[in-house]
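J.: Predicted model and sequence follow; I will ask about them next.
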Amino acid sequence: MRGERYSSIVFGDHAPERLAQLLNFELTELRTYFMDLGNEVRRLKAAHAHHQGRTVVLDTNDLLHYSRYDKIPWAKLYGKNTVVVIPHVVVDEIDKKSYATSDTIRKRARGVFAPLEQTLTEQRQGQVTVGGVRIEVLLDEPQHVRLPNNDDEIVARACELQQSIAPVQVTVLTGDNGMRARALAWGLDAEKLPEKYKIDQITAQKDEYLQTITAPEEPEPVSAP
């Protein structure tokens, strides 16, 4: 029992019949609230039942400064039951950076947006599997209100996911020290992707590799017979 209604019940001068009515209203409301909460928990559990192995959450830094997410051997790195999650806010950040003033960032963002768009399209039709693992965009529900800071928003969404799939562990993957500190402070695991997948670390065939992150892949021309 809460607030003014509680005070009215405890301190009000009510006839026994009225007191019983007030208590019944309050208990019915609380019972409905907790039933709805329990149903929501069960819905979330069912929606995330496929999280059986490790779950990794990517941030914008991963998508811009590392190999394209659909080119990384996730199963080899984190196990065959890995689920790779991209929060909705990351998609919006990539979209925004595709209009950045920096030519390099703009090209990388536009290159990443193509596979993101494909992932979103395939996700509406069913699960998306790349390299033996499931990849999904964690979409915001209509009533969701984002935090003002995007880094906080990403970590908060990872925490919500952790609550839904526990005891399966959620790991935030990011090359951003501040983001890793946030994740650790909120009780999540936090790691960096291996350096060999970082674009700036690649020396052999660098131009060819950069092409995979800066533009959608084009099909090879068919040779004439």
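T.: All right, it came through fine.

J.: pLDDT of stretch 69-85, averaged?
T.: The predicted model gives stretch 69-85 an average pLDDT of 90.

J.: ok, residues contacting it?
T.: By C-beta atoms under 8 Å, 6 or more residues apart in numbering, the surrounding residues in contact with stretch 69-85 are 50-58, 62-63, 66, 86, 112, 115, 119, 130-138, 158, 161, 171, 193-194, 197, 212. C-beta here means a position set from N, CA and C on the backbone, and glycine is covered the same way.

J.: who touches residue 58 in this structure?
T.: Contact criterion C-beta under 8 Å, 6+ apart gives 69, 84, 85, 86, 87, 90, 173, 174 as the residues in contact with residue 58.

J.: List the contacts of residue 168.
T.: If a contact means C-beta under 8 Å, 6+ apart, then residue 168 has 51, 52, 53, 54, 55 as its contacts.

J.: and the least confident of the residues you listed?
T.: The weakest per-residue confidence within these falls on residue 51 (75).

J.: Wait, a strand at that one?
T.: No. Assignment of residue 51 by DSSP: H, G, I helix; E, B strand; the rest coil gives coil, placing it outside any strand.

J.: Distance-wise, check it relative to residue 26.
T.: Look at residue 51 and residue 26: by C-beta to C-beta, to the nearest Å, they are 38 Å apart.

J.: so how far is stretch 63-70 off the chain centroid?
T.: In terms of C-alpha atoms, centre = their mean, to the nearest Å, the centre of stretch 63-70 is found 16 Å from the chain centre.

J.: List every C-alpha atom in that stretch, with coordinates, as PDB.
T.: Coordinates of the C-alpha atoms in stretch 63-70 are reproduced here as PDB (Å, rounded to 0.1, in the frame of the first residue of the first chain):
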ATOM      1  CA  LEU A  63      31.600  -1.400 -36.000                       C
ATOM      2  CA  LEU A  64      33.700   1.500 -37.200                       C
ATOM      3  CA  HIS A  65      37.200   0.500 -36.200                       C
ATOM      4  CA  TYR A  66      37.200  -3.300 -36.500                       C
ATOM      5  CA  SER A  67      36.500  -5.800 -39.300                       C
ATOM      6  CA  ARG A  68      32.900  -5.900 -40.400                       C
ATOM      7  CA  TYR A  69      30.800  -7.800 -37.900                       C
ATOM      8  CA  ASP A  70      29.600 -10.300 -40.500                       C
END
